[in-house]
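Visitor: return atomic coordinates for the entry below.
(one chain, ligands or ions: 1)
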Amino acid sequence: MNTACITGITGQTGSYLCDLLLSKGYKVYGLKRRSSSLNTERIDHVYVDPHIDSNKLEMVYGDLADYSSLASWIGDIKPDLFFNMGAQSHVRVSFDIPEYTMDVTGTGVMRVLEAIRKNSPKTKFLTASSSEMFGSQPPPQAPACLRRRAPGPRCRLPARCERRSR
Ligand SMILES: NC(=O)c1ccc[n+]([C@@H]2O[C@H](COP(=O)([O-])OP(=O)(O)OC[C@H]3O[C@@H](n4cnc5c(N)ncnc54)[C@H](O)[C@@H]3O)[C@@H](O)[C@H]2O)c1
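Guide: Okay, here's the model as predicted:
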């Protein structure tokens with residue numbers, strides 16, 4: 001059976017991606033941050049008791065700021081596909097918590113890539129980015145047009161360089 005990991009599975013994009021992959025017969029593994037509230041409303045309709053063998057969706061606790069949890073998750077599953085939809089995605093809030101935003105949204109991509117390189121090198125990887133990296137430039141948005149307007153989009157740059165160098 002084909003397997004896929006999704007970070008940010010409880011978010012808007014990750015939850016739709018989860019629906020799509022399940023409908024295509026994938027076994028889906030989702031990474032979820034621990035919090036005292038559940039925050040799983042977007043995927044509750046596909047969640048099944050993990051003790052049921054036919055369960056096609058498995059959730060684990062982890063964080064893009066924590067390399068060890070990413071490495072053991074990826075090393076255990078060795079997924080065919082890895083989708084990084086996790087991020088501190090709110091542009092306005094990125095002005096309030098710029099360091100955290102950089103750590104999760106920028107360095108987080110490097111952590112995932114390192115974990116894949118060391119533990120599951122055949123895994124195919126895709127990460128979300130943002131048109132905000134290009135400021136108000138209309139498409140086509142060539143790299144020369146990069147004009148970051150906020151800490152959030154600025155964090156995408158290391159992630160972009162990391163992807164291009166591999
Ligand atoms: N939705 C859009 O219109 C849009 C537009 C441009 C870019 N994007 C980008 O696409 C991606 C997904 O967007 P979205 O709208 O689904 O965002 P969202 O805010 O709905 O979901 C973000 C997900 O990331 C998770 N997350 C946050 N911090 C984390 C951490 N430290 N470790 C692990 N997971 C963490 C959240 O729990 C959530 O599940 C983001 O990178 C976002 O910036 C989205």
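Visitor: is it true that N2 touches K27?
Guide: Yes - when contacts are counted by CB atoms under 8 Å, N2 is listed as touching K27 (7.2 Å). Where you see a C-beta, it was placed from the backbone N, CA and C, and this is true even at glycine.
Visitor: per-residue confidence for the closest residue to R42 other than its chain neighbours?
Guide: Nearest residue to R42, sequence neighbours excluded (CB to CB, 6 or more residues apart in numbering): S15, at 3.6 Å. Predicted confidence (pLDDT) for S15: 98.
Visitor: in what helix or strand does S15 lie?
Guide: Using DSSP states H and E, S15 falls within helix 12-23.
Visitor: isn't L57 up against V46?
Guide: Yes - with contacts counted by CB under 8 Å, L57 reaches V46, the gap being 5.6 Å.
Visitor: counting by contacts, list what the helix holding S15 packs against.
Guide: strand 3-7, strand 27-32, strand 81-84 (3 or more CB pairs under 8 Å, 6 or more residues apart in numbering; DSSP states H and E).
Visitor: how about the residues of this structure by the ligand?
Guide: 7-8, 10-14, 31, 33, 63-65, 85-89, 104, 128, 130 (CB under 6 Å from any ligand atom).
Visitor: among the residues you listed, name the buried ones.
Guide: Among these, the ones that count as buried by 16 or more other CB atoms under 10 Å are 7-8, 10-11, 13-14, 31, 33, 63-64, 85-89, 104, 128, 130.
Visitor: rewinding a little: return the most buried member of the helices and strands packed on helix 12-23.
Guide: Of these, the one with the most neighbours on average (mean count of other CB atoms under 10 Å) is strand 3-7, at a mean of 25.
Visitor: who does it pair up with?
Guide: strand 27-32 (parallel), strand 81-84 (parallel) (DSSP bridges).
Visitor: any idea how far the last one is from the chain center?
Guide: Read that as strand 81-84. With CA atoms, centre = their mean, to the nearest Å as the basis, strand 81-84 stands 7 Å off its chain's centre.
Visitor: so who does the residue in the chain positioned nearest to the ligand touch?
Guide: Nearest to the ligand, among the residues of the chain, is G11, at 2.0 Å (CB to the nearest ligand atom). Taking CB atoms under 8 Å, 6 or more residues apart in numbering, we find G11 in contact with R42, M85, G86, S89.
Visitor: helix, strand, or coil at the last one?
Guide: Same thing as S89. Assigned with DSSP: H, G, I helix; E, B strand; the rest coil, S89 falls in the coil class.
Visitor: need the contact list for R42.
Guide: Here R42 is in contact with T10, G11, Q12, G14, S15 (criterion: CB under 8 Å, 6+ apart).
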